[in-house]
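Q: Next come a sequence and a model predicted from it.
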Amino acid sequence: MGIQSHQLSQPRRQKWILPLSLGLFFVYLIPLAYATDFGTAARYSTPYIPTACYGQDSTAFPSNNLFAAAGEGIWNNGAACGRQYTVSCVSAPPPNTCVSGTTVTVKIVDRASTAVSHPSSSGATFVLSTDAFNQLVKPSSATSINIQFAQVA
């Protein structure tokens, strides 16, 4: 009886190896699948200073003028200050607005809801500097675009 019990439990143990292995494999893939998010972006223009992150310090702005104000979804009580995100245009209300294949990296320098300059559309995930917004869209009347983004640093 003891030998038969042992022989029956052996195949049951082997049946769990494959599902367990697959489960662990997918646990490692999940972070890769969620590495990018989707949201919206608006634009804003000068004046950019003072900012919620850096006050009057204009040296905190990147020299290429690719920066953004964080919407409430990523603001996180100021933890977003200084973070960098890659942003690309996915779609916009006017057809053919996005510059296909273009991605910009922006640095968070402000909070959208308290920015001195008002965004072109409220409630956006990011409010991009004019330079950053213009790199992602063809000349159009778009005030907001749908974006894909990922945190870089």
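A: That came through, no problem.
Q: Please, where are all the helices along the chain?
A: 2-33, 72-75, 130-136 (DSSP state H).
Q: how many neighbours does Ile108 have?
A: When neighbours are defined as other CB atoms under 10 Å, Ile108 has 25 of them. Yep, even glycine has a C-beta here, placed from its N, CA and C like the rest.
Q: Quickly list what it is bridged to.
A: In this entry, Ile108 is beta-bridged to Ala68, by DSSP bridges.
Q: is it true that it touches Ala79?
A: No: the criterion here is CB atoms under 8 Å, and Ile108 misses it with Ala79 at 9.5 Å.
Q: what's the closest non-adjacent residue to Pro93?
A: Leaving aside its chain neighbours, Pro93 sits nearest to Ala142 (6.6 Å; criterion: CB to CB, 6 or more residues apart in numbering).
Q: Go ahead and confirm the one you found touches Ser91.
A: No: between Ala142 and Ser91 there is no contact under CB under 8 Å: 10.1 Å.
Q: who touches both of the two?
A: Residues touching both Ala142 and Ser91 (CB atoms under 8 Å, 6 or more residues apart in numbering) are Thr97.
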